[in-house]
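Student: Dropping the sequence and predicted coords here.
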Amino acid sequence: MTVPAESIESVQQLTTGWRTMVLDRDPDADVRDLPGIAVRWADSRFGFWNCITLTEADAGAELLRQRLNQAVDIMRTKRHPGLLWLFEDLLDDEARSALETTAEQAGLQYAFPGTGMAGDLLPIPEPVHPDLTFARVGTDEQLRAYADLQSRAYGFPLEEGREGLVGSALWKNGLHAYLALRRDEPVACAAAIEARGRLFITFVATDPRWQRKGYGEAVTRKALYEGARATGLTRATLHATAAGAPVYPRIGFKPNTRIHFYGLKG
């Protein structure tokens, strides 16, 4: 079995992009690269900054069992909960068949699904939406609005999202992070970061009160447009939630690997 290059790319985008962003949040964060395991863990109340993933291609059932047990041991040493990202295409057929049982035996609980996506789609036309204007995040007030959109979209308390983002110089200067504004009210957001020669789209969110109006797609296009204009990159990647998965192919992204997200059993 040969693992598709796009699936390996998807894992590498996570480990590269998250390393930069997690260290921005905490310079002493755990960002170890162990045999078969990448740790990207800030031990933050903002759970997205607490991440671990498996990195070996063609992993069999026994290796999967070993790595999941090792990952769980690491997760249990942390103060704050986080997620294990498991990229399905990295497993061989036997390991895939055993995944549900193996994860449960290791002490993991399934959280939600995702999909890796990528495409040689840049540059794209400058986006317009009749309801929206766009603003690049450059102030603490705008970054707080971005954090609050994350919290509302994913069900976090506002203070957790703010702990994850507010005060960051990277988010105001190093990322192409954009707010979509409807009559000056922030309603959606998206960011792009350069990672291994790709434009990595991340932290897309829409206020639940304003979903299904094309706002998330529009602000994603804005981050892509401005990021490509600034960097000259032509390939983009992202990790889609179930809600976002139908949207991104309209921009030009193609799905590759399924992603399984797990937390520790309660």
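Tutor: Cool, got the structure.
Student: tell me the contacts of the closest residue in space to residue 15 that isn't next to it in sequence?
Tutor: The shortest distance from residue 15 to any non-neighbouring residue, by Cβ to Cβ, 6 or more residues apart in numbering, is to residue 38 (4.5 Å). (Each C-beta comes from the backbone N, C-alpha and C, glycine too.) With contact set as Cβ atoms under 8 Å, 6 or more residues apart in numbering, residue 38 has these partners: 14-15, 32, 52-53, 55.
Student: Tell me which residues are up against the longest helix seen in the chain.
Tutor: Using DSSP state H, we find that the single longest helix of the chain is helix 5-25. Surrounding helix 5-25, the residues in contact under the criterion Cβ under 8 Å, 6+ apart are 29, 31, 33, 38, 40-42, 44, 46, 49, 51, 53, 55, 57, 85, 87, 89-90, 116-118, 164, 168-171, 174, 193, 195-196, 198, 200, 202, 237, 239, 254, 256-257, 259.
Student: Report the separation between residue 86 and residue 104.
Tutor: 13 Å (Cβ to Cβ, to the nearest Å).
Student: Neighbour count: those two, which is higher?
Tutor: Neighbour totals were compared for residue 86 and residue 104, and residue 86 leads with 27 against 14 (other Cβ atoms under 10 Å).
Student: SS state for the closest residue to the more buried one other than its chain neighbours?
Tutor: Here the nearest residue to residue 86 in space, its sequence neighbours aside, is residue 260; by Cβ to Cβ, 6+ apart that works out to 4.4 Å. Judged by DSSP: H, G, I helix; E, B strand; the rest coil, the three-state class of residue 260 is strand.
Student: What residues does residue 260 make contact with?
Tutor: Contacts of residue 260 (Cβ under 8 Å, 6+ apart): 85-86, 88, 99, 103, 110, 113-114.
Student: so it bridges to which residues?
Tutor: Judged by DSSP bridges, the bridge partners of residue 260 are residue 86, residue 113.
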